[in-house]
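> I would like the atomic coordinates for the input below:
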Amino acid sequence: MLFPADVSLRRLLAWLVEETTNYQFIDDILGLLCDRLVEAGVPVSRAALYFYTQNPEWLGARVLWEEVSGKVGVTTFDYGVETTPGYLNSPVRELVEGASIVRQKMSGSDVAELSPFFQELMEEGASDYVAWPLVHSMGKRNAISFATSAVGGFSEDHIAVLSGLIPTFALVSEIRVKNHIMRTLLNTYVGPHAAKQIISGATTRGSGVTVRAAVLVFDIRNFTAMSNSLPGDAVIELLNKFFDTMSEPLVGRGGEILKFMGDGFLAMIPTTEDDACARVLDAIADAEAAMASWNSENSGNGVPIIDYGIAVHVGDVIYGNIGTRNRLDFTVIGPAVNAAARLEEMTKSLGRRVLISQSFVDESKLAGRFVPLGKHKLKGISEPLDLYGLGLSS
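Here you go, the predicted model:
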């Protein structure tokens, strides 16, 4: 130790409490903590933080710092990992299930007697390993571990410093993990753009902005009859697959899903960038190709063929909080949204899966990609609108 254990611990605790308040992400704090541990003479060569994310795609994540690279990396774990041999035989499972510490000295150990987890660490040069639970609010248990490649492993002074950090690091990490979970849940339930607005303080009823955007409505045709002929879990699976197939090309090009509406959804792409309308058309082309592939698979598996309608319009929408005093929805409203909804209702009667308004055609400056379908009266809209389909080249 460069300093007595109690001096090193006091300095590190002071840094954790007083100097990390401006760091938003726990991976930054873990990396800086490890750098300071090494400077204080605690020979950490590897540190890992494991926590649950409450993400719809991932069960949890690992933040890993390694001295050899000096970098911090984040790895996510899929749902179901908790049933795999790798997890079941890991120190993390022991800690999550109640262990107060896991210690494994590897120098001088018979490799054959070690678990695969520790065998791998030993092959990477580790001589000692120690891990503790990070107990967060309501008894939620995450974990943190440290390994060293120093000859002889960690000394008792080293362990005293590391163990003394755990209660404070649990508090510091919980704030960041909860912030991460909050952002994840907001992104999941309201979308990334709305989440950013809410986190920035747009939480009062009526707060919002006017945005010019391409508004899209996607819908499954004949869904009621289809849902009556399928088991409930099959209906949910079908809906989720439809939403994935239709939305991923759009979200990947900067679009945002605003609301799921039974068997359809509302989405938009702001038209602030010149290529926004072209991105909409490319997204629709990819979505239709994916739907054709999925329907081809369905036809051979006894699953109903999915027919659908897509409507595209452009206009100014009000993007913000709407609802009661204590229950709000962050969404879009305005005549452009109403027109898109009415336009989608026309797809079936006109025999077109995709209908596009004159305003979108004008905004896109890509007239050659559309087929004119004449003027049509839309319910609730006083004047007939010029409607378009997609040309074969689209």
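> Now do the strands in this structure.
Using DSSP state E, the strands of the chain run over 46-52, 58-66, 71-78, 102-105, 128-135, 141-148, 208-220, 256-261, 264-270, 308-323, 328-333, 354-357, 370-376, 385-390.
> which residues touch the first one?
For strand 46-52, the external contacting residues (Cβ atoms under 8 Å, 6 or more residues apart in numbering) are 26-27, 30, 33-34, 59-67, 92, 121, 124, 126, 134, 140, 142-148, 173, 177. In short, each C-beta sits where N, CA and C put it, glycine included.
> Please apply the same query to stretch 198-214.
Residues outside stretch 198-214 that contact it (Cβ under 8 Å, 6+ apart): 182-183, 186, 190, 268-272, 276-277, 280, 312-325, 328, 330, 332, 336, 360, 363.
> thinking again about what came up before, so how do I select the buried members of the contacts of strand 46-52 in PyMOL?
The buried subset of the contacts of strand 46-52, as determined by 16 or more other Cβ atoms under 10 Å, is captured in PyMOL by this line:
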select buried, resi 26+27+30+33+34+59+60+61+62+63+64+65+66+67+92+121+126+134+142+143+144+145+146+147+148+173+177
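> Could you list the single helix or strand in the protein with the lowest mean pLDDT?
helix 192-199 (a mean of 78; mean pLDDT, DSSP states H and E).
> what angle separates that one from strand 264-270?
Following axes from the mean of the first three to the mean of the last three Cα atoms, to 10 degrees, one obtains 80 degrees for the angle between helix 192-199 and strand 264-270.
> buried residues in helix 192-199?
For helix 192-199, burial by neighbour count (16+ other Cβ under 10 Å) applies to 193-195, 197-198.
> Kindly reformat these as TSV and extend each row with distance to residue 286.
Shown next, in TSV, are the buried residues of helix 192-199 (distance: Cβ to Cβ, whole Å):
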residue	distance to residue 286
193	21
194	24
195	25
197	28
198	30
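> Name the nearest of these relative to residue 291.
residue 193 (25.4 Å; Cβ to Cβ).
> How about the contacts made by the closest one?
residue 256.
> again, but for the one 4 residues further on
For residue 197, the set of contacting residues under the criterion of Cβ under 8 Å, 6+ apart consists of 320, 330.
> again, only this time at 10 Å
Neighbouring residues of residue 197 by Cβ atoms under 10 Å, 6 or more residues apart in numbering: 186, 190-191, 203, 207-209, 319-321, 330.
> Would you mind checking these for buried ones?
186, 190-191, 208, 319-321, 330.
> any low-confidence regions in this protein?
1-4, 392-394 (pLDDT under 70).
> domains in this structure, as residue ranges please.
Annotated domains of the chain cover 5-190, 192-390 [automatic domain parsing].
> What is the burial count for the closest residue to residue 286 other than its chain neighbours?
Once flanking residues are discounted, residue 286 sits nearest to residue 249: 3.8 Å by Cβ to Cβ, 6 or more residues apart in numbering. A count of neighbours around residue 249, defined by other Cβ atoms under 10 Å, yields 20.
> Run a quick check on residue 249 versus residue 269, I expect a contact.
No: applying Cβ atoms under 10 Å as the test, residue 249 and residue 269 come out as separate, 11.4 Å apart.
> intersection of neighbour lists for those two?
255, 279-280, 283.
> Out of the buried residues of helix 192-199, the closest to residue 100 would be?
Nearest to residue 100 out of those is residue 195 (Cβ to Cβ; 36.9 Å).
> Quick one: residues contacting the nearest residue to that closest one once chain neighbours are set aside.
In this structure, residue 195 finds its nearest non-sequential neighbour in residue 186, 3.6 Å apart by Cβ to Cβ, 6+ apart. By Cβ under 10 Å, 6+ apart, the contact list for residue 186 reads 192, 194-199, 330.
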